[in-house]
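Undergrad: Below are the sequence and a predicted model for it; my questions follow.
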Amino acid sequence: DFLNSKPPPNYVAGLGRGATGFTTRSDIGPARAAPDLPDRSAAAAAPPAVGRGRGKPPGEDEGGDEGGDEEKGYDENQKFDEFEGNDAGLFSNADYDDDDREADAVWESIDQRMDLRRKDRREARLKQEIEKYRASNPKITEQFADLKRKLADVSVQEWESIPEIGDYSARNKKKRFESFVPVPDTLLEKARQEQEHVTALDPKSRAAGGTETPWAQTPVTDLTAVGEGRGTVLSLKLDRLSDSVSGLTVVDPKGYLTDLKSMKITSDAEISDIKKARLLLRSVTQTNPKHPPGWIAAARLEEVAGKLQSARQLIQRGCEECPKNEDVWFEACRLASPDESKAVIARGVKAIPNSVKLWLQAAKLETSDLNKSRVLRKGLEHIPDSVRLWKAVVELANEEDARMLLHRAVECCPLHVELWLALARLETYDQAKKVLNKAREKLNKEPAIWITAAKLEEANGNTQSVSKVIERGIRSLQREGLDIDREAWLKEAEAAERAGSVLTCQAIVKSTIGVGVDDEDRKRTWVADAEECKKRGSIETARAIYAHALSVFVAKKSIWLKAAQLEKSHGTRESLEAILRKAVTYNPKAEVLWLMGAKEKWLAGDVPAARAILQEAYAAIPISEEIWLAAFKLEFENNEPERARMLLTKARERGGTERVWMKSSIVERELGNVNEERRLLEEGLKLFPSFFKLWLMLGQMEDRIGHVGKAKEVYENGLKHCPGCIHLWLSLASLEERINGLSKSRAFLTMARKKNPATPELWLAAIRAELRHGNKKEADSLLAKALQECPTSGILWAAAIEMVPRPQRKSKSSDAIKRCDHDPHVIAAVAKLFWHDRKVDKARSWLNRAVTLAPDIGDFWALYYKFELQHGNADTQRDVLKRCIAAEPKHGERWQAISKAVENSHQPVDAILRKVVLALGAEENPNAAEP
């Protein structure tokens, strides 16, 4: 067998084909060329081949080897290096001198510096990887952390109602093997014998005479019957506890629970713990009897154990061992009986006469004020410098005795400011001044003394002295080195206002409001301070801040407006008029201040005064159009059309804007002068062709008098000049629908949508036109397209809610709220949905939200008022009406149609509101059944 035979001697595998052993770089070292392969002929002529690792050839001696090693210049047996190979590099035989050491040190420092530069990024990357790993592999405790936090809100009843979970572990699960085998006859026979009735005596019983059952002859007991018997006995016992007449239980459950609570059931473990604690505390009190907490703990342990007498004896021994500790005496007083507590505290104050706590406790044990005062005065004999005792005894005394006591108190405690201030409040004016002067001598860094002195001057009518006292006080405090804290002094000003000292409040604000505020920050800081005081209800403080700010910034219109708003909200009409008069004196070019003053006079019913203010405003600002229009409105609203017409004529002559021409035409329309109205509108359009309201008014006038063709022509001309005016498109479409039907109107609305894309009003007009003609499918199609083009339009979503069938309105309203949550039209539509479902509280809440979001839309106020008329009371109706009048709404589809009618031009807000409610009732009935 060739494979299993031994090779011939000196056989080298592969040598015949030149596949001899090869040499790697680790064998030959660096920079050494690979050896040439031996020639085959040389290999054949050579002596017997010697492979690698076979030892040295016979002709070579040791010397040749050494010479070869020296030629190589390296040691083949040196340690292998993974980076540099079998040696230490090209310069392994070079000397390692100081330059090499310095170079290595430099490179080492560079490596360290580079490592530090990369440290932040490396740590950040490591932290990010750790967070990512923890986020993807959270711990069990982290997964249930939020649930564990919610366990704090679980009540005891909820915790006890949690069902017990069984043990479902695999090791406790027993495999069930149901086997069905035939029942043996012996078991059936035994069951039959147990259920049958025996009418004859057993032979064994007859042997005993039949009068007793022999021992061990009792038949097997039926456990089910025993259980039923126990239940019967329990029911009989419960029946005895119940009333035979009413069937109600006569057991008092509250008393029963009270009795259970009063019963102290001490377990063996608790008894063992008490014994151990008693032994430990006995050791403490014996080894260190002068340690008061040991006696107190021992007494409380006996009290917990129910041995009150032992506790009293222990604390008594503690009082004997530690007579100078007030805590021990307090504990003894607490544990003593009511009759003995006074005696215990008396011994305590005798042992520690300088203990304020013991004297106060002794006074507390007394029942009458006279005895309490005696005890406290006795304590003051021992501790005359105790402020707490002086305060307690002064509170129990009458006014005259309190004054005498406080005189003595400030002598004993001259550095306590509250005693000085209390004495000053009880004294007369002259004596109080002397007391405060003495207090300033003793306490020269106390601001409260100066503030009290100012309040004293104000209370006695010395108004001129109040500011002087505050100024002197601040200068004195600054001389003493006290920093003036502006915020603290403002709080003192608010406190003075609450105490009724308005002049003191104003003086404090005037003297301290500018402390520590840079010049460029004064206006912003002072206005912010005034607004904060206003929010906290400190109106006088805010008024004082504004007054000081206006004394510095006289020409700042914004501060005058804020001060006027403050007076309008919290002041009187006279104060508001005074500040507005002062405002226009310093700012004669401020239109808004003149107009505000005139409006307040008008609202007060003083039309001549308002007219005079506007005349002064015109003299100050002759080119102001706002003044002209305000004067026109004053005359127009007070049924003075001729005066209004004259004012507008002058305004037009002076080159008024388009608003003047519009107001002029409104006056002529109300007076019924159609030709004059047309003339004014046409002249105005020649001057202002891009003002769409003039085109609208001219078209409506022509439509009103029956000139439908001219009205259409006016609208078309208006659209040439104002192609982006939506109202012109809507008016033209409505006119075409009345003249030529739906198709022509539909064409105009389509053209309008092309020229004005993403306009919800145009889409809504087209949808309503289709609905008016019964085209429900076409209207639904238009609505779907409109919502695609205007997905956040509230009026379209409100129309969608009203158009869908009743069962789908809830889901449609949910979609609308998701798309436009804060749109008042959607809120009102949802409110009507709740109204239909008779959910009164929710409907009221959503209607209130709608009028809060858009108080300027009168339709929502009318809807809200109608709702309150049906489901509210007189108070809610009055509240809605009052809020609507305060809001003065100007917009709304139905509101504008009614308020701008000629017959309603001078109607108040409440009258227009009631008319809009009637219009709503005619259009819809929320309680009607759905078709």
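TA: Sure thing, it's come through. Residues are numbered from 1 along each chain as shown.
Undergrad: any idea how far A631 is from the residue nearest to N638 when sequence neighbours are not counted?
TA: Nearest non-adjacent residue to N638, counting by CB to CB, 6 or more residues apart in numbering: V607, 5.6 Å away. For glycine as for every other residue, the C-beta is placed from the backbone atoms N, C-alpha and C. Look at V607 and A631: by CB to CB, to the nearest Å, they are 11 Å apart.
Undergrad: The two - which one has more neighbours?
TA: A631 (24 against 16; other CB atoms under 10 Å).
Undergrad: For that one, I want the exact helix or strand it lies within.
TA: helix 625-637 (DSSP states H and E).
Undergrad: Same check on G706?
TA: Judged by DSSP H and E, G706 forms part of no helix or strand.
Undergrad: count of neighbours near G16?
TA: 10.
Undergrad: Where do the helices of the stretch 251-400 of the chain begin and end?
TA: For the stretch 251-400 of the chain, helices defined by DSSP state H, counting those that start in this stretch occupy the ranges 253-262, 268-287, 292-304, 308-321, 326-335, 338-351, 356-365, 369-382, 387-396, 399-412.
Undergrad: So which of those is nearest R914?
TA: Smallest distance to R914 across the helices of the stretch 251-400 of the chain (CB to CB): 58.7 Å, for helix 253-262.
Undergrad: any idea of the mean pLDDT in that closest one?
TA: If you average the pLDDT over helix 253-262, you get 43.
Undergrad: follow-up on the earlier one: wait, which of the helices of the stretch 251-400 of the chain is closest to Y715?
TA: helix 253-262 (83.8 Å).
Undergrad: What residues of the strand or helix carrying G709 count as buried?
TA: Following DSSP H and E, one finds G709 within helix 708-721. For helix 708-721, the neighbour count (16 or more other CB atoms under 10 Å) marks 710-712, 714-715, 717-719 as buried.
Undergrad: Buried residues of stretch 723-732, list them for me.
TA: In stretch 723-732, counting by 16+ other CB under 10 Å, buried: 725-726, 728-732.
Undergrad: Out of these, list just those in helices.
TA: Residues from the buried residues of stretch 723-732 lying in helices, with DSSP state H as the criterion: 726, 728-732.
Undergrad: quick one: which two of the residues you listed are the most distant?
TA: Across those (CB to CB), the longest gap, 10.8 Å, separates I726 and L732.
Undergrad: Angles on the backbone of G892, please.
TA: Taking degrees, to the nearest 10, you get phi 120, psi 140 for the backbone angles of G892.
Undergrad: Of the helices of the stretch 251-400 of the chain, give the one that comes closest to T876.
TA: That would be, of the helices of the stretch 251-400 of the chain and by CB to CB, helix 253-262, which comes in at 43.1 Å.
Undergrad: which stretches of the chain form strands?
TA: For the chain, applying DSSP state E gives no strands.
Undergrad: Contacts only, for the closest residue to K744 other than its chain neighbours.
TA: Leaving out its chain neighbours, the residue that sits closest to K744 by CB to CB, 6+ apart is E736, at 4.4 Å. Shown in contact with E736 (CB atoms under 8 Å, 6 or more residues apart in numbering): 712, 744-745, 748.
Undergrad: can you count the residues close to the nearest residue to H382 once chain neighbours are set aside?
TA: Spatial nearest neighbour of H382, excluding adjacent residues (CB to CB, 6+ apart): P353 at 4.3 Å. For P353, the count of nearby residues is 14 (other CB under 10 Å).
Undergrad: Quick check: P353 touching S386?
TA: No: using CB atoms under 8 Å, P353 makes no contact with S386, being 11.7 Å away.
Undergrad: From the contacts of E736, pick the one nearest K190.
TA: S745 (99.9 Å).
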